[in-house]
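1. Okay, predicted coordinates and the sequence, questions at the end:
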Amino acid sequence: MHGVLTHASLARIPAEDLPLLGGLRAYASVEVRLDGTHAWVRWSEAGYEILRALLPVRCAEFFEKLDRHWHLCGHSLPAFEVPDDGFVPLASVITPAPVLLVADDDEVLPRVVLALRRAEEPRPAVALLTTPKALAAWVDMASQAEIAALEAARSGELVLVTGERLPPLMGERYWGERLFCPLGWMPDPDLPESALLQALGVQAHELALLRKGAVEIIPRSALSSLSRASARLGAG
């Protein structure tokens with residue numbers, strides 16, 4: 001990001017527009033303070049991706065820190081109304097809605113109510129849901145070893161990437177083996193993955209992705225080794 005917002009690391013936006021930043025929950029450094037009808041958002045990593053998400057927000061104001069004082073970007077006078085405390089992680093303010101799963105009337109299956117709750121134990125991310133264009137831009141800069149260690153599957157305007165070392169792209173990150181849960185969350189009830197997969201009717205050749213308001217079933221065969229050619233083709 002070039003120009004007047006190059007060093008921006010704080011923004012003030014209408015509080016009602018906070019849900020538009022849901023895709024930034026994966027960044028631990030993104031913090032929020034609610035201040036009446038407005039919300040302060042600050043960050044210390046992935047500035048380009050965060051600015052790209054904030055720029056479309058109406059009435060957004062951006063600030064940078066110069067000489068230990070906050071300044072409205074492009075202005076020389078300090079902005080003294082900027083708060084220093086009261087910030088909490090964005091992920092604790094924007095939370096996914098509980099997922100309600102009900103079997104079809106024709107199936108002899110019990111009704112299953114599956115929700116997500118905050119996880120206390122940190123877990124490594126093994127899956128990333130991002131956009132084909134973002135992935136294609138990354139493969140142009142990544143090494144062949146980094147690319148070859150990943151698998152990917154595209155569905156509409158999104159692409160699922162799996163692997164132990166995920167690319168540093170904006171998107172939704174997940175943990176798990178065959179039941180992928182959003183990073184920082186865990187299934188509720190807290191049952192073994194095998195039991196949840198069985199309750200959801202997920203077959204041995206399938207994976208399950210817990211997303212906001214839905215569970216997506218993905219055939220294992222949909223995932224294939226990532227390459228520069230496949231990423232570029234998928235972004236076309």
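-> Nice, I can see it. Residues are numbered from 1 along each chain as shown.
2. use CA for all of it now, contacts and neighbours both
-> Will do.
3. tell me the helices in this protein, going along the chain?
-> 47-54, 132-139, 144-148, 193-200, 228-235 (DSSP state H).
4. could the ones you listed go into TSV alongside mean neighbour count?
-> Output for these, formatted as TSV (neighbours: other C-alpha atoms under 10 Å):
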stretch	mean neighbour count
helix 47-54	17
helix 132-139	19
helix 144-148	14
helix 193-200	15
helix 228-235	16
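5. weakest of these in terms of mean pLDDT?
-> Lowest mean pLDDT of the helices of the chain: helix 47-54, a mean of 81.
6. hmm, who's touching that one?
-> For helix 47-54, the surrounding residues in contact (C-alpha atoms under 8 Å, 6 or more residues apart in numbering) are 1, 8-9, 20-21, 24, 60, 170.
7. List buried members of these by neighbour count.
-> Taking 16 or more other C-alpha atoms under 10 Å as the criterion, what is buried in the contacts of helix 47-54 is 8-9, 21, 24, 60, 170.
8. and which of those residues is nearest to Leu66?
-> When these are ranked by distance to Leu66 (C-alpha to C-alpha), Ala8 comes first, at 10.3 Å.
9. Would you mind measuring from the spatially most central residue of the chain to Leu34?
-> Nearest to the geometric centre of the chain sits Glu172, at 2.7 Å (C-alpha atoms, centre = their mean). As judged by C-alpha to C-alpha, to the nearest Å, Glu172 and Leu34 stand 23 Å apart.
10. show me the contacts for the nearest residue to Glu164 once chain neighbours are set aside.
-> Leaving aside its sequence neighbours, Glu164 sits nearest to Val126 (C-alpha to C-alpha, 6 or more residues apart in numbering; 5.3 Å). Contact analysis of Val126 by C-alpha under 8 Å, 6+ apart lists 162-166, 173-176.
11. Among those residues, name the buried ones.
-> 162-163, 166, 173-176.
12. export the residues you listed to CSV and tack on distance to Phe87?
-> Shown next, in CSV, are the buried ones among the contacts of Val126 (distance: C-alpha to C-alpha, whole Å):
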residue, distance to Phe87
Thr162, 32
Gly163, 32
Leu166, 28
Arg173, 23
Tyr174, 25
Trp175, 26
Gly176, 30
